[in-house]
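1. Need coordinates for the following:
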Amino acid sequence: METKDLHGLTDAQAKERLEKDGLNEVPEPEFNFFKEFMSKLWNLSAWILEAALILECILGKWIQSLFVLLMLLFAAFNGATQKKKSRRVLNTISHELTPTVSVKRNGKWKQLNSKFLAVGDLISLKRGDVLAADVKIVQGQITVDESSITGESKAIKKSIGDTAYAGTTVVDGDALATVTATGSNSRSGKTINLINNSAAPGHLQQLLTRIIYYLCLLDGVLTLILVIAALIRGQNVIEMLPFLAMMFIASIPVAMPSTFALSNSFEATRLSKEGVLTSDLTGIQDAANLNLLLLDKTGTITENKTAVSQWDNLSSLPNKEVLALVGAATDKRSPSIIDTAIDEYLAEKGITPDTPNSFTPFTSNTGYSMAEIKNYNIKLGSFKQLSLIDKNADQEAKDIDFTAGRSVAVLINNKLAGVFILRDKVRSDSKKALEELKRRGIKPIMLTGDNRKTAEAVAKEVGLTGKVISIHDFNDKTDVNDLAGIADVLPEDKLKMVKLFQQDGYIVGMTGDGVNDAPALKQAEVGIAVSNAADVAKRSGKMVLLEDGLTPIVKILDAGHRVYQRMTTWSLTKLSRTAELTMLLTFGYLCFNYIPMALNAMVIYTIMNNMVTMMIGTDNTHIILLINQKAGIC
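-> So this is what the prediction gives:
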């Protein structure tokens, strides 16, 4: 309940403090090129080159040693350069993901980019928010997850007078707080970086790493054959070591990491221009292997806007008076889509909401918001929850068709006063976009908290074929191929579903928007936070949509296919040229008893080959061919 003495800052005061303290942001640490360069000298490919370099030096082959050294330095320098470019791309994107904050300036609430927060600002905190600065609670109570700064995921309650720190997540409650420290002065020291630099390698990256391993095995077999042949012929094996070392060098794809980074960052930049922000590059490569997509209905299949389709006044009060009281129970500070729908309905009817004496926002624990005005207590929330307060609610509302949409009940003095039926409008592009997803070999499944009949109607309208079942009927024996949607889904159910599908061997993508969606978004191979997602959901997903609808998801899949095709082309090119060279050298020696290529020429050929094939990482691709091929086997 907001009191009159909580005014926050004026724009002039905020400007003065920003000039003094600086923006609420921590500059990205400088990219350490030397450190990255040195790290490129410590991997499987580098170890082989380093072993060859040592061997050449021991044998006194200084010219070959110089070539090997140049090749090693080229691979490390090029890899570090591409990593720097990738980091620059992701840093640019991360600034676009900076959260907004509900702040009171000049006595009015407004949404503000968090980097413009100043010490003394009054901000509103609600479930799902990620704190962008250190704050002191002045009203209300919240529960925060401090795992980002303590490493422990235990929820901590924060009441009036307590300090909550930047980078922590509000998991429950509602509060007002004043900003006490910003930017580098905040405890976390880093609040808006959404890049997970320690992410596990994607499926495609793991595949390409195995290619190096198999090439080493091939070289090992050929080396063994050559050594045996030399021994049979009575030749000096020591004299063959430079040749064997060069053959190993020629087959190692030193440009693979650089090519891979180049292709991923190229697509991340392209996606950012098409309304999709990438916070983890592995999401792009995994999109190529995606075969199951769990779609949150709201904001993707339907418009991210709910409208009142029906209102039933069940009280003895005049309709206009009841609706004015209802307007007092909607959240004006941090409105939900339901609050917005009801406020717009009142505006269409020309009704001005009453001003409450006190207001308590919606929480997941109560299931409703509450306002006190005049002699009335108004509660606005789910019919199921409010029917526990008014035991006669079911009888009073027996003539209402609750399958027509989402129901929101109104209690006045703990008696049922009316019921809203809200419906989401299906997006005009949903049906076409779903067809495009299917053409790409994706099985889409709609998830919704609506009842089964409502979900069936939406699924039919957008062309999703198959059964729509309740979450209560979902288990590990459910036939995914005959599934169009799952109804009655709670956010907590989504993580369980993602894990279950992954256990069945699916590469899972998922869309979500709420704080409870965050674990499932993190678990999915391709977690996609929709445009209106909570800050914590955006931090958890590998992709963030800037536009509503399914069309941006199609663009993500196409980006994944482009990376997949480029790296497949690169792998085939590298494998064929490696096989050509190693077999030529091996059979040349076995059949004619001499090495058919000068050692220096082998090294020059290898360097030039890697430089040329690296350009495949940005080649044009023909996605339609991939679509037809993949759709044909699905």
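2. Sheet partners, orientation included, of the helix or strand encompassing Met510?
-> According to DSSP states H and E, Met510 maps onto strand 508-512. Strand 508-512 has the following strand partners under DSSP bridges: strand 292-296 (parallel), strand 526-529 (parallel).
3. Show me the shaky parts of the stretch 151-300 of the chain.
-> Applying pLDDT under 70 to the stretch 151-300 of the chain flags residues 151-154, 187-205, 208.
4. following the helix or strand containing Tyr214, which helix or strand shows up next?
-> For Tyr214, the element it lies in under DSSP H and E is helix 203-232. Using DSSP H and E, the helix or strand that follows helix 203-232 in sequence is helix 237-251.
5. which other helices and strands contact that next one?
-> On a contact count with 3 or more CB pairs under 8 Å, 6 or more residues apart in numbering; DSSP states H and E, helix 237-251 meets helix 44-58, helix 62-96, helix 203-232, helix 551-592, helix 599-613. Using the backbone N, CA and C atoms, a C-beta is placed for each residue, glycine as well.
6. Apply 6 Å and report the result again.
-> Helices and strands touching helix 237-251, by 3 or more CB pairs under 6 Å, 6 or more residues apart in numbering; DSSP states H and E, are helix 44-58, helix 203-232, helix 551-592, helix 599-613.
7. Okay, angle between it and helix 44-58 too, please.
-> Relative orientation of helix 237-251 and helix 44-58, computed by axes from the mean of the first three to the mean of the last three CA atoms, to 10 degrees: 150 degrees.
8. roughly how far apart are Thr269 and Thr278?
-> To Thr278, Thr269 is 9 Å away according to CB to CB, to the nearest Å.
9. So which of these two has more stuff around it?
-> Ranked by neighbour count (other CB atoms under 10 Å), Thr269 and Thr278 place Thr278 first, with 28 against 17.
10. Which residue is most remote from the mean position of the chain?
-> In the chain, the residue that sits farthest from the middle, by CA atoms, centre = their mean, is Gly234; the gap is 61.8 Å.
11. Return the backbone torsion pair for it.
-> Main-chain torsions, Gly234, degrees, to the nearest 10: phi 70, psi 20.
12. okay, which residue is most central for the chain?
-> Nearest residue to the geometric centre of the chain (CA atoms, centre = their mean): Gly541, 1.9 Å.
13. was I right about it contacting Leu521?
-> Yes - at 4.4 Å, Gly541 and Leu521 qualify as touching, with contact defined as CB atoms under 6 Å.
14. Secondary structure element holding Leu380?
-> If you go by DSSP H and E, Leu380 is part of strand 376-382.
15. Tell me how far the residue lying closest to Lys157 once chain neighbours are set aside lies from Phe359.
-> Nearest residue to Lys157, sequence neighbours excluded (CB to CB, 6 or more residues apart in numbering): Thr143, at 5.3 Å. Distance of Thr143 to Phe359, computed by CB to CB: 20 Å.
16. Next: Leu447.
-> Leu447 is 32 Å from Phe359, by CB to CB.
17. Which one's more surrounded, the two?
-> Leu447 (27 against 20).
18. Contact partners for the more buried one?
-> Leu447 sits next to 294, 296, 486, 489 when contact means CB atoms under 6 Å, 6 or more residues apart in numbering.
19. repeat that with 10 Å
-> Going by CB atoms under 10 Å, 6 or more residues apart in numbering, Leu447 touches 294-298, 300-301, 455, 471, 485-489, 491, 493-494, 497, 510-512, 517, 520.
20. okay, and for the stretch 1-150 of the chain, where does confidence drop off?
-> The model of the stretch 1-150 of the chain has pLDDT under 70 over residues 1-5, 26-29, 44-45, 86, 89-98, 147-150.
21. go again using 90 as the cut-off
-> Within the stretch 1-150 of the chain, the stretches with pLDDT under 90 are 1-8, 21-102, 107-111, 113-115, 126-133, 143-150.
22. The host helix or strand of Arg539 packs against which elements?
-> Applying DSSP H and E as the criterion places Arg539 in helix 535-540. Counting contacts by 3 or more CB pairs under 10 Å, 6 or more residues apart in numbering; DSSP states H and E, helix 535-540 is packed against strand 169-181, strand 508-512, helix 518-523, strand 526-529, strand 543-545.
23. Reformat these as CSV; add distance to Val462 and mean neighbour count.
-> Formatted as CSV, the helices and strands packed on helix 535-540 follow (distance: least, CB to CB, whole Å; neighbours: other CB atoms under 10 Å):
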stretch, distance to Val462, mean neighbour count
strand 169-181, 33, 22
strand 508-512, 15, 29
helix 518-523, 22, 24
strand 526-529, 18, 29
strand 543-545, 18, 26
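24. Give me the domain ranges for the chain.
-> Segmentation of the chain into domains, based on automatic domain parsing, reads 11-26+99-185, 264-302+438-451+458-558, 304-425.
25. Columns distance to Met583 on top of these, output as a markdown table?
-> Output for these, formatted as a markdown table (distance: least, CB to CB, whole Å):
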| stretch | distance to Met583 |
| --- | --- |
| domain 11-26+99-185 | 53 |
| domain 264-302+438-451+458-558 | 31 |
| domain 304-425 | 58 |
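26. looking at those, which is closest to Ile616?
-> domain 264-302+438-451+458-558 (11.4 Å; CB to CB).
27. end to end, how far does that closest one reach?
-> Domain 264-302+438-451+458-558 has an end-to-end distance of 13 Å (criterion: CA to CA, to the nearest Å).
28. Kindly report the same for stretch 417-434.
-> 40 Å.
29. Can you list the buried residues in that stretch?
-> Applying a neighbour-count criterion of 16 or more other CB atoms under 10 Å, one finds 417-424, 426-427, 430, 433-434 buried in stretch 417-434.
30. can you check stretch 115-132 too?
-> By neighbour count with 16+ other CB under 10 Å, stretch 115-132 contains the buried residues 115-119, 121-132.
31. just how off-centre is it within its chain?
-> Going by CA atoms, centre = their mean, to the nearest Å, the spacing between the C-alpha centre of stretch 115-132 and its chain's C-alpha centre is 23 Å.
32. And for stretch 18-38?
-> Mean-position distance between stretch 18-38 and its chain equals 23 Å (CA atoms, centre = their mean).
33. what about Thr448, neighbour count?
-> Residues near Thr448, counting by other CB under 10 Å, number 25.
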